[in-house]
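S.K.: Below: sequence and its predicted model.
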Amino acid sequence: MCVMLDYSQEFQAETSACFHYLALQTQQGDFGEISGWPNSMPWLYYDPEEDTEDIVRETKITTKFSAKPSSENSKLKMFVGTYAANGTYLGLQPTTGGTVQLCKDTVRKMDAAYTFATTYTSSCDINVQDFWNNYETLFYDMYLQFGDNVEAQELYAIPVLLDSYKEDQNYVNRRARVRDWQLTRRFFLVDNLSGKETIDTPAKVVRYASSIELEISIQQEAGEAREGKIYPPLLKVKYGEVNYDEDYESNPTRKVTFAVTYFMRRGGSNKNISITIGVLSAVALLYAMVKSNAWRRRAGLIYIDISTMLKFILFAFGLLADVLFVSTLGTCLYWLLFFKRQDQVYLVLPTRGQEEKFTIYVSVAFVFKLFDLAHLLFSQITADIFLIDWERSRGRVVQSSDPSNTSKGTMAPISIWRTYFIANEWNEIQETRRINSVFQIFAVLFFLEVIGLKHLTTTDPRSDVSPSPDDYTGDQSRVLRFAVASGMYIIIGLVQWLFFTLIYERFVEDALQNFVDLCSMANVSVFVLANNNYGFYIHGRSVHGFADTDMKEMRTQMKREEDNLCGQRGLLPNSDQQTFEMLLPTKFREQYNKIYQPLQGAVARIEGQRGRPTAGGDQGNERLNQAYATMNKFLCTFIDHGMRDIDYMVKDKLLFEQILDMEFYDPAEKGFFFNDGGHAFNKVLFHGQEVTLLTFEMLLFCIVDLIFTNYALAGIITYLAMQFLIKFRDAAGRNNLAKKTLVDERFLI
């Protein structure tokens, strides 16, 4: 009766079964050395004078459990002493076969609950009428069998934490502090007796175990797990109830759950993760300061202002996202590798509650990386770019063949098609990447879904990619799903990058080098300013002096280059160096803006009137043509060292400058062209931002999977997002290219 009343002591002595039990207990004395177990009476309560924390942290269980299936200690050997409603002892029986599980399944799957280190969950819906008709009221005392050898086996009594236990109208077992708990011993699965008013009528109220959770805690010493050893398991029981008058006829269903969970304190590991993130974040913030200072110098700013602080915040977002991602991924990979491959258990997966910090880290990393990507896109689609045409007129056009006409005619026009051609090629490579996002997503899904790597993300210690359908499969672990998905993303991305860099670009096609070569053949240079005073220069001046010619002459020019019968393509004499990073003086930028601003005004007026009968007008077009010619002449003169007060020098970057991606020189008097060992101009293209793009893609995939626990859906959403990103970059980049180079957007195909 006391167990049926949830061990309540709220009633007076004449009506409370628990009150009478406690009164008899004090008279009987304890059984042996077990405090709270009275002689010749059932053990219901743990001694309230004993510290509950000492009970649940007892270290008497000496068995070293193993996650290896072939080991004798890979199973929890649980038994229950069973009692009838009148107190008759019915025997000691193992819990295998679903003895204490209301949800029935195959014996193999039900017994998986006692496979050590397997986080087990079984739930089902039971018709209400079954509680009256198909269950007998029985009581259970649970024990764990342990021992170092077969001859010396002992039974350890498992304490019960009853959720509905009350003291002074307070649910003390729901408190967070362990010392406030009152542990008990006996429990039932279904009580369809105590609600009876007469022996022959059905119970008005039936109570059932709506949730049973067996919590196994790993023993720890000085913050480190003691391999394979556990504290006493704790059985957490919650009861629900159904009413005969309200529920029997309608026969609704009620959900019941049986679970086995594993727990270990993670104070030490959480502290290590926090220290790692803290140290790396400090380094990231220092590097963000370096990058913002480099940006300030490249922008031509003397003092730190609001824009510099904003840049610092944006740089910090990107770097902190990388820190959180790397730290979280490292921790999750550790859990994946060591949990799945351990023999004697020293590591269990974090519980749902413990995963909250992991979820926060991944979510914050995604948001920060989103800001970083927006910053990257804005920087690329607002960069200044101009195509320098080195071609010169090759004669004059005489309007009449009349010998009496003494006019010298006008200079022969220079074809604009070469410039349009280079603009189109630049437009095509703006969103070119080394990693194909479509192949990336499909390859990841192939390994996860088809090969079966998703089966490594379950909460059981098995590492099979093709489990038997007859075996129990644990729930999905969010940390393991993140580890497997991110790991595959990195591996496939790295393979793609290595293939593209080491094989495709060397033996098939190098799009950027082809573009540089095309500039040389077209006699067009590319001048890009990523910041006010910093940018990139591709020297495309033809070594033949002209490129506006026929096919025969073009082939002759190429043959002369093959036979080394002409100069080299580099900016400097006897040099092949065609690509440079630029750090320019403020005077240059002022002159550039002076020419550029009226030019943009003319472009805006023409664009605004497009489609009207007088679109642009002759006067507007003439101003546009003059501004274009002026900018082209200004840049040609600058490259040829034709201005005294605005000049530059060519040199190599120092190693430390290359590492920090900044310049130590002051361009106050003279600018600097730094020799580019590769294709540094890819920084203003997607091609040079692969790490940022891949990290964002990976975080988006993982954050969608964390929400929906569905790799296929995550792949679809990531694919759509990346396609939108590419389309946006293409449209915005096309618009910026047309506006800055004065190439009509209608010619960009």
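M.R.: Ah, there it is. Residues are numbered from 1 along each chain as shown.
S.K.: quick one: contacts of stretch 300-314?
M.R.: The contact list for stretch 300-314 (C-beta atoms under 8 Å, 6 or more residues apart in numbering) reads 288-289, 291-293, 295-296, 299, 371-372, 375, 532-533, 586, 589. C-betas here are computed from N, CA, C, even on glycine.
S.K.: Tell me the one among those nearest to Phe339.
M.R.: Asp372 (31.9 Å; C-beta to C-beta).
S.K.: Quick one: mean pLDDT over stretch 672-680.
M.R.: Across stretch 672-680, pLDDT averages out at 91.
S.K.: What residues of that stretch count as buried?
M.R.: Judged by neighbour count using 16 or more other C-beta atoms under 10 Å, the buried positions of stretch 672-680 are Phe672, Phe673, Phe674, Asn675, Asp676, His679, Ala680.
S.K.: Which one of these is nearest to Tyr472?
M.R.: If you rank these by distance to Tyr472 using C-beta to C-beta, His679 comes first, at 54.3 Å.
S.K.: ok, now which ones touch the closest one?
M.R.: Applying C-beta under 8 Å, 6+ apart, the residues near His679 are Leu512, Gln513, Val516, Thr579, His687, Gly688.
S.K.: Take those residues and keep only those in helices.
M.R.: Among those, the ones falling in helices (DSSP state H) are Leu512, Gln513, Val516.
S.K.: Out of these, which end up buried?
M.R.: Leu512, Val516.
S.K.: Which parts of the stretch 151-300 of the chain are strands?
M.R.: With DSSP state E, counting those that start in this stretch applied, the stretch 151-300 of the chain shows strands at 154-157, 160-162, 186-188, 190-191, 205-221, 224-230, 234-243, 253-263, listed in chain order.
S.K.: relative to strand 234-243, how tilted is the last one?
M.R.: Spelled out, that is strand 253-263. Angle, strand 253-263 to strand 234-243, by axes from the mean of the first three to the mean of the last three C-alpha atoms, to 10 degrees: 170 degrees.
S.K.: which of the buried residues of stretch 672-680 sit farthest apart?
M.R.: Spatial extent of the buried residues of stretch 672-680 (C-beta to C-beta) is set by the pair Phe672 and His679 at 18.7 Å.
S.K.: Low-confidence regions, the protein specifically.
M.R.: 10-15, 26-40, 222-225, 394-411, 598-620 (pLDDT under 70).
S.K.: Grab the longest helix from it for me.
M.R.: helix 306-341.
S.K.: list the buried ones in that helix?
M.R.: The neighbour-count check on helix 306-341 (16+ other C-beta under 10 Å) flags 311-312, 314-325, 327-329, 331-333, 335-336, 339-340 as buried.
S.K.: re earlier: just name the closest of the contacts of His679 to Ala282, please.
M.R.: Nearest member of those to Ala282, counting by C-beta to C-beta, is Gly688, at 27.3 Å.
S.K.: how near is the nearest residue to that closest one once chain neighbours are set aside to Ala423?
M.R.: Leaving aside its chain neighbours, Gly688 sits nearest to Asn682 (3.2 Å; criterion: C-beta to C-beta, 6 or more residues apart in numbering). For Asn682, the distance to Ala423 equals 18 Å [C-beta to C-beta, to the nearest Å].
S.K.: same thing with Gly318?
M.R.: To Ala423, Gly318 is 30 Å away according to C-beta to C-beta.
S.K.: and if you look at Glu221?
M.R.: Using C-beta to C-beta, Glu221 is found at 69 Å from Ala423.
S.K.: And for Ser269?
M.R.: Per C-beta to C-beta, Ser269 is found 55 Å from Ala423.
S.K.: Show me which of the two is the more surrounded one.
M.R.: The neighbour comparison of Ser269 against Ala423 (other C-beta atoms under 10 Å) goes to Ala423, with 25 against 19.
S.K.: I'd guessed the more buried one sits against Leu387; true?
M.R.: Yes. The pair Ala423 / Leu387 is scored as a contact, 6.2 Å apart, by C-beta atoms under 8 Å.
S.K.: which neighbours do these two share?
M.R.: Residues touching both Ala423 and Leu387 by C-beta under 8 Å, 6+ apart: Thr741, Val743.
S.K.: sorry, back to before: could you dump the buried residues of stretch 672-680 into JSON lines with secondary structure added?
M.R.: Below are those laid out as JSON lines (DSSP: H, G, I helix; E, B strand; the rest coil):
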{"residue": "Phe672", "secondary structure": "strand"}
{"residue": "Phe673", "secondary structure": "strand"}
{"residue": "Phe674", "secondary structure": "strand"}
{"residue": "Asn675", "secondary structure": "strand"}
{"residue": "Asp676", "secondary structure": "coil"}
{"residue": "His679", "secondary structure": "coil"}
{"residue": "Ala680", "secondary structure": "helix"}
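S.K.: Need those residues in a markdown table (columns: distance to Glu697).
M.R.: Below are the buried residues of stretch 672-680 laid out as a markdown table (distance: C-beta to C-beta, whole Å):
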| residue | distance to Glu697 |
| --- | --- |
| Phe672 | 36 |
| Phe673 | 35 |
| Phe674 | 31 |
| Asn675 | 33 |
| Asp676 | 28 |
| His679 | 23 |
| Ala680 | 24 |
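S.K.: which of those residues lies closest to Tyr489?
M.R.: Among the buried residues of stretch 672-680, and counting by C-beta to C-beta, the member closest to Tyr489 is His679, at 25.5 Å.
S.K.: and the residue nearest to Ser575 when sequence neighbours are not counted, how many neighbours does it have?
M.R.: Nearest residue to Ser575, sequence neighbours excluded (C-beta to C-beta, 6+ apart): Gln568, at 6.0 Å. Counted by other C-beta under 10 Å, the residues lying close to Gln568 total 15.
S.K.: before we move on, the earlier item: so which of the strands of the stretch 151-300 of the chain comes closest to Tyr171?
M.R.: So among the strands of the stretch 151-300 of the chain, strand 160-162 is nearest, using C-beta to C-beta, at 9.7 Å.
S.K.: what does the closest one rub up against?
M.R.: Taking C-beta under 8 Å, 6+ apart as the rule, strand 160-162 contacts 6-7, 142, 173, 181, 183-187, 234-237, 239.
S.K.: any idea how far that strand is from the chain center?
M.R.: From the chain centre to the centre of strand 160-162 is a distance of 39 Å (C-alpha atoms, centre = their mean, to the nearest Å).
S.K.: Now it: buried residues?
M.R.: By 16+ other C-beta under 10 Å, the buried positions in strand 160-162 come out as Val160, Leu161, Leu162.
S.K.: ok, so of those, who is nearest Ile273?
M.R.: Among these, Leu161 lies closest to Ile273 (C-beta to C-beta), at 29.4 Å.
S.K.: measure the residue nearest to that closest one when sequence neighbours are not counted to Lys60 for me?
M.R.: Counting by C-beta to C-beta, 6+ apart, the nearest residue to Leu161 once its immediate chain neighbours are dropped is Lys236, at 4.8 Å. Per C-beta to C-beta, Lys236 is found 21 Å from Lys60.
S.K.: Tell me which of these two has more neighbours.
M.R.: Remark: of Lys236 and Lys60, Lys236 carries more neighbours, 17 against 9, as counted by other C-beta under 10 Å.
S.K.: that older thread, assign the residue nearest to Gly688 to helix, strand or coil.
M.R.: Taken by three-state DSSP, the conformation at Asn682 corresponds to helix.
S.K.: Based on its surroundings, how many neighbours for it?
M.R.: Asn682 is flanked by 19 other residues according to other C-beta under 10 Å.
S.K.: ok, now Thr457?
M.R.: 24.
S.K.: Quick check: Thr549 is in a helix.
M.R.: No. Counting by three-state DSSP, one finds Thr549 to be coil, located in no helix.
S.K.: contacting residues for it?
M.R.: Applying C-beta under 8 Å, 6+ apart to Thr549 gives the contacts Gln557.
S.K.: again, only using 10 Å
M.R.: Applying C-beta atoms under 10 Å, 6 or more residues apart in numbering to Thr549 gives the contacts Glu391, Arg394, Asn523, Thr556, Gln557.
S.K.: any idea which of these is closest to Ala282?
M.R.: Among those, and counting by C-beta to C-beta, the member closest to Ala282 is Asn523, at 50.9 Å.
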